[in-house]
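Asker: Compute the structure for the input listed below.
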Amino acid sequence: MKVILVEGVKKLGHAGEVVEVKRGYAENFLFKKGLAVPATSANMNEVKAKAQAKADTEAKLLEEARKISEELSGKNIEMKVKTGSGGRLYGTITAQNITDLLQKEGYNLDKRDISLSENVKTVGAYEATIRLHPSISTKLNIVVESEE
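Answerer: Okay, the predicted model is just below:
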């Protein structure tokens with residue numbers, strides 16, 4: 001019996017695939033758990049429509065990531081912070097601080113997508129990597145200066 005997998009099933013296939021299984025396995029396990037639907041023409045069309053919508057959404061996200069990457073690539077961001085003697089910061093600059101600063105400029109990023117090359121505990125220039133999409137990342141220069 002041919003079925004369309006709604007979710008990925010271990011050792012059987014991924015979501016959206018059409019697979020051949022025994023009738024009892026399909027009716028007693030896959031259909032009851034909601035893991036698959038019968039491979040009718042209506043269900044096939046629905047799966048194709050969902051796959052096309054997913055591909056369109058992915059293409060849109062990729063294009064948006066490329067646009068943001070071009071805007072941020074090599075950009076210098078200045079941060080003014082309170083410092084103690086010797087240029088040491090009170091605390092550290094984190095990915096959340098950078099995210100907040102970029103959100104003020106209109107970029108909607110998540111702090112988990114920003115990674116710093118080293119801990120920012122003193123005044124100076126640092127580099128951060130921003131992962132905008134699984135295939136696109138960009139470098140951002142951060143200049144930390146004293147408020148005084």
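
Asker: Could you give the separation of the top helix by length along the chain from the chain centroid?
Answerer: Criterion DSSP state H: the longest helix present in the chain is helix 41-72. With C-alpha atoms, centre = their mean, to the nearest Å as the basis, helix 41-72 stands 14 Å off its chain's centre.

Asker: With only the CA atoms kept, save the next helix or strand along the chain from it in PDB.
Answerer: Going down the chain from helix 41-72, the next helix or strand is strand 76-81, by DSSP states H and E. Extracted in PDB, the C-alpha atoms of strand 76-81 (Å, rounded to 0.1, in the frame of the first residue of the first chain):
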ATOM      1  CA  ASN A  76      31.400  49.100  12.300                       C
ATOM      2  CA  ILE A  77      29.200  49.400  15.300                       C
ATOM      3  CA  GLU A  78      30.300  51.600  18.200                       C
ATOM      4  CA  MET A  79      29.300  50.900  21.800                       C
ATOM      5  CA  LYS A  80      29.900  53.300  24.600                       C
ATOM      6  CA  VAL A  81      30.100  51.700  28.000                       C
END
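
Asker: got the domain boundaries for the chain?
Answerer: Following automatic domain parsing, one gets these domains for the chain: 2-66, 68-146.
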